[in-house]
Every structure is written in C-alpha cells, then in structure tokens.
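[1] next one to model:
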Amino acid sequence: MTAGRKVYSSSQSWCTPHKYVEALHCFWPEGIELDPCSNPCSIVNARHEFTLPDTDGLLEDWDYASIYVNPPYGTDHERHTTIKHWLQKCADARERFGAEVVALVPVATNTSHWKQYVFGKADAVCFLYDTRLKFLVNGSSDNKGAPMACCLIYWGDDLSRFNSVFKSFGAVVSLTSLKTSGELNISSLFEIM
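    Below is the predicted model:
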C-alpha cells in the first residue's frame, strides 16, 4: 500500500475497518451492490464481489447502483495497474451508469489520479480523523495502522446524506463547484458542508 511512499507488506488483504463498514451500511441501508476489489477476509458483504485471482474487478462492468471500493494501494506488477486505474473506474461508473460510488483511498491531492478522477469528477470527500487507519490485515485489526492519511471519496448526488453519515468520521468537503467551473478553484475546496 502506497501513497507516494514505499511500503512493503506480505498481505494483499487490507480490509475496511468495522466502523466504516457499519457506516456504509447506514449510507446504503438497502445494501452495497458491488465490491469490485474484495478479498477472502472482507467484511463488506456486498451482493456482488469481484475477488482476485478469480475475477479482476477492473476488467468487469460496474453497472450497479451502489459501489464500495477499497482498492489495492500499491502497484499490481502482474496486471500493471495502480490506484489510478481504480479511481478512473469509479469516475467512469458514475458517468456511464449513474452509480453512487464511495472509495476508501489515501489522501494524495497532489497526484495526477486525484487531478484527473477526483477533482472535477467526484462530489465530496470525507478526510478521515483517523491518523493511522487500522485496516483489518488478513482479518485482524492488531496492526500499526496505515502510514498515510486516508479519506472516503464520493461520486453521487446525495451530498446531504453523505455528510450526515460520514461527518462524525472526518471533515466532509463538497467538490461540486469543481465540476461546474471547468477549472480547479482551490478556494472552493474549502466550502465545508
């Protein structure tokens, strides 16, 4: 898992912590339809899960109403993919299918993937208060925590509901003004909901 840092881990199963899974189920009380990068230790329990090596979520269609994405943060050397490909797929699912998508990713606002697929495409970000998010590593939360700040990115129409559910976990910032202006306006990033 990386965000501009080299981090080595033998685990590829960095699962979403319980409290965020519970919040996602509050956000989508009818259930999460797709988890495109699931793994055997995941507790998300989406109706449809794509799990490597059986199914590569990046190669599948994401024509689902509610999608939760906790992508691999590092480079997949076998498939030649990075987090950029997952964020591109999130933005694409919103644009092509009208899907509501929430992604748990590192805060990396200076990267090209944020500039291409978050700013101007996503609708809100919740910058998490957890300074070292404790992912479930191979099913256990007994670890040091992530070496970078993380956030939840939202592509969807219901900013009020997103804010209501996730504001207790971090600062929720609307990005909608970046979608209409055609250019990046930094001051508009700080319009707290």
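[2] sketch out the low-pLDDT regions of this protein for me.
    By pLDDT under 70, the weakly predicted segments of the chain are 1-13, 136-145, 180-193.
[3] now do the helices in it.
    For the chain, helices defined by DSSP state H occupy the ranges 18-27, 83-97, 112-117, 159-166, 176-181.
[4] can you tell me which of those helices comes nearest to Lys134?
    Closest approach to Lys134 among those (Cβ to Cβ): helix 18-27, 9.9 Å. The C-beta positions use only the backbone N, C-alpha and C, and glycine is treated the same way.
[5] quick one: buried residues of stretch 106-115?
    106-108, 111, 113-114 (16 or more other Cβ atoms under 10 Å).
[6] ends of that stretch, how far apart?
    With Cα to Cα, to the nearest Å as the measure, stretch 106-115 spans 14 Å from end to end.
[7] just to revisit the earlier point, which one of the buried residues of stretch 106-115 is nearest Gly156?
    Closest approach to Gly156 among the buried residues of stretch 106-115 (Cβ to Cβ): Trp114, at 17.7 Å.
[8] how near is the closest residue to that closest one other than its chain neighbours to Lys115?
    Excluding the flanking residues, the one nearest Trp114 by Cβ to Cβ, 6 or more residues apart in numbering is Ala108, at 5.8 Å. To Lys115, Ala108 is 10 Å away according to Cβ to Cβ, to the nearest Å.
[9] how many residues are close by Arg161?
    By the criterion of other Cβ atoms under 10 Å, Arg161 has 15 neighbours.
[10] should've said Cys41
    Per other Cβ under 10 Å, the neighbour tally for Cys41 reads 15.
[11] was I right to think it contacts Glu49?
    No - assessed by Cβ atoms under 8 Å, Cys41 is found out of contact with Glu49, at 11.9 Å.
[12] spatially central residue in this protein, please.
    Nearest residue to the geometric centre of the chain (Cα atoms, centre = their mean): Ala103, 1.4 Å.
[13] leaving aside the residues next to it on the chain, what's closest to that one?
    Ala103 sits nearest to Val69 (Cβ to Cβ, 6+ apart), 4.1 Å away.
[14] distance check, that neighbour against Asn45.
    Look at Val69 and Asn45: by Cβ to Cβ, they are 15 Å apart.
[15] looking at these two, which is more packed in?
    Neighbour tally, Val69 and Asn45, criterion other Cβ under 10 Å: the higher count belongs to Val69, 26 against 12.
[16] quick one: contacts for that one?
    Val69 is in contact with 35-37, 86, 89-90, 101-104, counting by Cβ atoms under 8 Å, 6 or more residues apart in numbering.
[17] rerun at 10 Å
    16, 34-38, 44, 57, 62, 83, 86-87, 89-90, 93, 101-105, 153, 155 (Cβ atoms under 10 Å, 6 or more residues apart in numbering).
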